[in-house]
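Visitor: predicted structure and sequence below. I'll ask about it afterward.
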Amino acid sequence: MALILREEDAMDWSYKGEGAANLVLSYHGSSPFLIGKVLRIKKVPTRKKVPKSEVKSANGGLALSKNEQLLWRDFKELVESNSIELVEQGYMMWVMGPLLDPKHVDGGICITVSREFLHSIKRSTNDQRPTWRVDAAEVDINCDSALLISDHSIFLSSKGTLNADMCFTVEIKPKCGFLPSSEFIAQKNVIKKSTTRFKMHQLLKLHEGEISQLSGYDPLDLFSGSKDRIYQAITSLFTTPGNNFRVFQNGSLIFGGLGGGMDMTDARSHEANEKVEALLKGSGLKLATFIELIVEVLLKSAVLDKLLAAQKLDLVDIEGAIHLYYNIISEPCIVCKDVIDTELMHQYSFLHSLSLEESLKIVREYLIAATAKDCSLMLSFRHADVGATETDSSSIFLKSCGLSFEYKVNFLDLDLKPLNKMVYYYELDQKIVNYYTNKILTEESRGTSTIGRAED
Ligand SMILES: O=P(O)(O)O[C@@H]1[C@@H](OP(=O)(O)O)[C@H](OP(=O)(O)O)[C@H](O)[C@H](OP(=O)(O)O)[C@H]1OP(=O)(O)O
Ligand SMILES: Nc1ncnc2c1ncn2[C@@H]1O[C@H](COP(=O)(O)OP(=O)(O)OP(=O)(O)O)[C@@H](O)[C@H]1O
Ligand SMILES: [Zn+2]
């Protein structure tokens, strides 16, 4: 019999976390099927900041817009889905899974949720959600379904019950790990080829009050493949976690911001570091050894190599892809309308002369890369000597402390990005690079440079 969550089931679910688009709940009831699961429910923006997924009307009840159906036509499962949850599940399984290794991708299952269940969840979670997240978006009570996924921050026993042994999980949102080299990047934006998008975006976020401190984390370190640089990246994430890093103990958050919290000042993260250190003691680990364990697992599992390859499907950068978007929607290109530079115009004309087939391929890969630049990784560990290992986990021996660990690695948030977000991507990209360039020029002319201080 199909599972339906009704109003009376809401009390078994509690707030676990959230991002911009989804609210995640963990299960505390007694149903053997639901133990060890989280429920991922869609939210709707309370005010329209970025485009929602394209309109569902006029598509014969299908979840993708006409243009998206064209874009994803090779993936029948996506095109024929009639709910956005099914599209997202299909996208994780059929598009992202093969690129990132299905072993690390959990598509979950789609289950029916009643409107009363969603109303009840909306009421019961409001107090626990960060205020800025409540102001930005709310549970979408018009959804009929939600995704049921394994809780990747815990281990289950071989009988499928919760395991009482201590386990730790780190969640990393790596963001874009390479510098673009596209020939379509305008000369005025050439800084994009030598400064990470993450670093430039931090400055804009600080300016707009989204964060109160620059992050010292450098995605190029994390993706470098070098043990020392990955170690440095994780150390920086411990110092300035922002919304890029969290630690859980037995599924409960012990370090980092709840709900994708952007902020955590140095002082608080210092206190939190000590708290993590104290909690780790019980497992015989020091913070430095814990970081070493994270590094070893990242290297051994090779997940970052696969993630980087998926991110690099963005070959032409948004400055190239935006023109192909207009080829697909068959509308006049808003970028070309303002170009006066003849050489640039020549390059853009070339893009507009590409066939629909070529345009679809490039935009499709751009959107896949966008997913890969925004997803997160969950790495969970426990001592290997505690009993039967889970089927999807592996083990690692850490020489420096002489201990063996069981670990598992999972990708989170491999959502499909809507096609109509392309214009927003272009505008945000230009805003980030313009702000950064102007800031550098101003500081250079004053002879003062504060940029990059967090990294010093
Ligand atoms: O554009 P970015 O790089 O700021 O990424 C957005 C994220 O911001 P971040 O910089 O990681 O704090 C943003 O995260 P936050 O809300 O800032 O935690 C979302 O992940 C957003 O994706 P979506 O709207 O949920 O599909 C992300 O949008 P996409 O660009 O991935 O579509
Ligand atoms: N399968 C899972 N197991 C354990 N925790 C999870 C799981 N899925 C999500 N979470 C927790 O819930 C949080 C929000 O989930 P998720 O990243 O999927 O939301 P989102 O709205 O799609 O994010 P974004 O802002 O990147 O779009 C995660 O940061 C993580 O802490
Ligand atoms: Zn154009």
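Guide: Done, it's in. Ligands and ions are numbered 1, 2, ... in the order given.
Visitor: in the stretch 101-250 of the chain, which residue sits nearest ligand 1?
Guide: When you check the stretch 101-250 of the chain against ligand 1 by CB to the nearest ligand atom, the closest residue turns out to be N243, at 4.7 Å. For the C-beta atoms, the positions are set from N, CA and C on the backbone; glycine is no exception.
Visitor: contact residues of this structure facing ligand 1?
Guide: Residues of the chain lying close to ligand 1 (CB under 6 Å from any ligand atom) are G19, A20, A21, H201, N243, G260, A370, D374, D415, K417, K421.
Visitor: cutoff 8 Å now
Guide: By the criterion of CB under 8 Å from any ligand atom, the positions of the chain lying close to ligand 1 are 19-22, 50, 136, 173, 175-176, 197-198, 201, 205, 210, 242-244, 260, 262, 370-371, 373-374, 413, 415, 417, 421, 424-425, 428.
Visitor: which ones among those residues lie within helices?
Guide: With DSSP state H as the criterion, helices contain A136, R197, F198, H201, K205, A370, T371, K373, D374, Y424, Y425, L428 from among the residues of the chain next to ligand 1.
Visitor: which of those are buried?
Guide: Buried by 16 or more other CB atoms under 10 Å: A136, R197, F198, H201, K205, A370, T371, K373, D374, Y425, L428, out of those.
Visitor: export these to JSON lines and tack on pLDDT?
Guide: JSON lines is the format used below for these (pLDDT from 0 to 100):
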{"residue": "A136", "pLDDT": "92"}
{"residue": "R197", "pLDDT": "98"}
{"residue": "F198", "pLDDT": "98"}
{"residue": "H201", "pLDDT": "98"}
{"residue": "K205", "pLDDT": "96"}
{"residue": "A370", "pLDDT": "98"}
{"residue": "T371", "pLDDT": "98"}
{"residue": "K373", "pLDDT": "98"}
{"residue": "D374", "pLDDT": "98"}
{"residue": "Y425", "pLDDT": "98"}
{"residue": "L428", "pLDDT": "98"}
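Visitor: distance to E357 for these - can I get that in TSV?
Guide: Listed next are these as TSV, based on distance: CB to CB, whole Å:
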residue	distance to E357
A136	38
R197	29
F198	33
H201	33
K205	38
A370	21
T371	22
K373	25
D374	27
Y425	22
L428	28
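Visitor: between these, which is closest to I334?
Guide: Y425 (12.8 Å; CB to CB).
Visitor: wait, the closest one sits on A370?
Guide: Yes: because the distance of 7.2 Å satisfies CB atoms under 8 Å, Y425 is recorded as touching A370.
Visitor: pull the CA atoms of stretch 133-153 into CSV?
Guide: Presented in CSV, the C-alpha positions along stretch 133-153 are these (Å, rounded to 0.1, in the frame of the first residue of the first chain):
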residue,chain,number,x,y,z
ARG,A,133,14.9,31.7,6.1
VAL,A,134,11.3,32.1,7.4
ASP,A,135,11.2,35.6,5.8
ALA,A,136,12.5,34.2,2.5
ALA,A,137,10.4,31.1,1.9
GLU,A,138,7.8,28.8,3.5
VAL,A,139,6.7,25.2,3.2
ASP,A,140,4.9,24.8,-0.1
ILE,A,141,1.5,23.6,1.1
ASN,A,142,0.3,23.0,-2.5
CYS,A,143,2.8,20.2,-3.0
ASP,A,144,1.3,16.7,-3.1
SER,A,145,4.6,14.8,-2.6
ALA,A,146,7.9,15.0,-0.8
LEU,A,147,11.2,13.0,-1.1
LEU,A,148,12.0,10.4,1.5
ILE,A,149,15.8,9.9,1.7
SER,A,150,18.1,8.0,4.0
ASP,A,151,19.5,10.2,6.8
HIS,A,152,23.1,10.3,5.7
SER,A,153,24.3,11.7,9.1
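Visitor: buried set for it?
Guide: Along stretch 133-153, the positions that meet the burial threshold by neighbour count (16+ other CB under 10 Å) are 133-134, 136-141, 143, 145-153.
Visitor: just the residues you listed: which are in strands?
Guide: When DSSP state E is applied, these are split such that A137, E138, V139, S145, A146, L147, L148, I149, S150 fall in strands.
Visitor: got the contact list for the last one?
Guide: With contact set as CB atoms under 8 Å, 6 or more residues apart in numbering, S150 has these partners: G36, K37, V38, D106, G108, N410.
Visitor: over to S31?
Guide: S31 makes contact with D12 under the criterion CB under 8 Å, 6+ apart.
Visitor: cool, L147 as well?
Guide: With contacts taken as CB under 8 Å, 6+ apart, L147 has the following neighbours: L39, R40, E85, E88, Q89, G108, I109, C110, I111.
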